[in-house]
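Asker: Fold the following for me, if possible:
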Amino acid sequence: MGVALIEVKDGAVHEYGDKTKFVAASTAKILAAAAYYHLVETGRASLATRMGTSTAGVQIRQMVQQSNNDSWALILRAVGQQGMTAYAASLGITYDRTVNLLTPAETARTLSLLYSGKLLNRQNTAQLLSYMQRTNYETLIPAAVPAGIEVFHKYGLLFGNLHDASILVQGGKAYVFVVYTLGRSGADMAARTRIIHQLTQTVAEQLF
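Answerer: From the prediction side, this is the model:
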């Protein structure tokens, strides 16, 4: 298990447990979405471009909110392998989409930059954050957050990997809270879900 926590105002990363790279699973979809938005903002792509059976903008929403893997494949293809590697490097992240490895801290820094408006322009930031709410899997961090705290998140679930990467907001306080876990199989998912809930409750009680 690896945990990363950032207070968005100061940007300092606090790491606990395993600090090495995990298979990021679907949490990496935020990095892919940001990379495509970056192409849009630099005039090299458009959200209105036909992509698959819809548009690039719709595919990003499906990729983030519904965790659609077909949409992810289309966005990755549009950005390109070298494009993903270069974009991640611009954020200080070493990333190869073919193996999809990230540390909890790398994912946390990406979310901190996103929420603070340092990653994308205001419109695209608001749009991407809106897709990170009311997702198709709200049973990890969102399920344990007390009422009154707003949650933006992207979960990851692949084989033994169970992750959630979140931004927690209340009033003028904003924290990024990321938990990556790896088990031998899906048999202990319920136990790891309980641990994620306990960590979330502890973090929320102490920080808000």
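
Asker: S166: how many residues sit nearby?
Answerer: 24 (other CB atoms under 10 Å). Every residue, glycine included, has its C-beta placed from N, CA and C.

Asker: So it is in contact with E150, correct?
Answerer: No - the criterion here is CB atoms under 8 Å, and S166 misses it with E150 at 10.2 Å.

Asker: need the contact list for the nearest residue to L140 once chain neighbours are set aside.
Answerer: Spatial nearest neighbour of L140, excluding adjacent residues (CB to CB, 6 or more residues apart in numbering): D164 at 4.0 Å. Residues near D164 by CB atoms under 8 Å, 6 or more residues apart in numbering: T27, L140, I141, H153, K154, Y155, G156, V178, V179, I196.

Asker: One more pass at 6 Å, please.
Answerer: The neighbours of D164, taking CB atoms under 6 Å, 6 or more residues apart in numbering as the test, are L140, I141, H153, Y155, V179.

Asker: Need the residues that contact the helix or strand hosting I195.
Answerer: Take DSSP states H and E as the rule and I195 turns out to sit in helix 189-207. Contacts to helix 189-207, defined as CB under 6 Å, 6+ apart, come from residues L140, I141, A144, V145, P146, L162, Y175, F177, V179, T181.

Asker: what about A78, how many residues close to it?
Answerer: A78 has 18 nearby residues by other CB under 10 Å.

Asker: distance between stretch 191-202 and the chain's centre?
Answerer: Relative to the centre of its chain, stretch 191-202 is centred 18 Å away, using CA atoms, centre = their mean, to the nearest Å.
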